[in-house]
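# build the 3D model from these lines:
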Amino acid sequence: MNDMLKKSFKVLLKETFDGPGGNGSWYTESKPGSGIFGTLERVSAEEASIPVQGTTLAAHVDHTRYYLWMVNTYMKGEKPDLDWSESWKISSVDEDTWSRFKANLQNEYTTLLENIHSLTSLDEQTSYGILGSLAHSAYHLGAIRQMTKTVKAPTQS
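Below is the predicted model:
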């Protein structure tokens with residue numbers, strides 16, 4: 001597989017999850033901590049459980065993890081049994097569950113980077129999976145960042 005294409009996938013995924021590197025960004029805010037993980041570091045379990053427009057930050061995080069898990073499962077040559085609605089049912093989390101959700105997302109993200117690194121060829125399913133994971137995660141990064149502004153907004157007295 002083309003090494004430049006693999007590198008491009010990984011650079012854009014890293015920007016989405018880890019934030020931009022030291023030399024600016026391709027599409028996110030060019031500040032440290034502006035990726036998914038940096039944004040989530042500033043969110044408590046209580047804040048992750050506040051409903052915003054019918055869902056929670058916790059649900060967005062688990063849904064993003066679920067999508068990455070699905071792509072990773074397909075990349076192993078397996079077909080996952082999917083139930084997309086399950087990840088959206090999360091309404092509240094305690095600190096332990098919130099920490100686990102973030103760790104599970106980190107694990108699926110790391111696994112995806114490893115899977116991309118080990119690719120020797122790229123079939124249609126894998127190509128769509130990788131590009132879909134990038135687009136899907138970037139969408140949720142935007143949603144997470146907007147929701148974070150809402151749950152951290154100063155309260156009106």
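
# pull the longest helix from the protein.
helix 124-151 (DSSP state H).

# any idea of the mean pLDDT in that helix?
For helix 124-151, mean pLDDT rounds to 94.

# so what does that helix touch, helix or strand wise?
helix 3-18, helix 36-41, helix 45-48, helix 57-75, helix 95-117 (3 or more CB pairs under 8 Å, 6 or more residues apart in numbering; DSSP states H and E). The C-beta positions use only the backbone N, C-alpha and C, and glycine is treated the same way.

# now it: buried residues?
Residues 126, 129-130, 133-134, 136-138, 140-141, 143-145, 147-148, 151 are the ones in helix 124-151 that count as buried (16 or more other CB atoms under 10 Å).

# and Thr28, that's in a helix?
No: counting by DSSP: H, G, I helix; E, B strand; the rest coil, Thr28 is not found in a helix; it is coil.

# list the contacts of it.
Residues counted as contacts of Thr28 (CB atoms under 8 Å, 6 or more residues apart in numbering) are Glu15, Thr16, Gly19, Pro20, Ser34, Gly35, Leu141.
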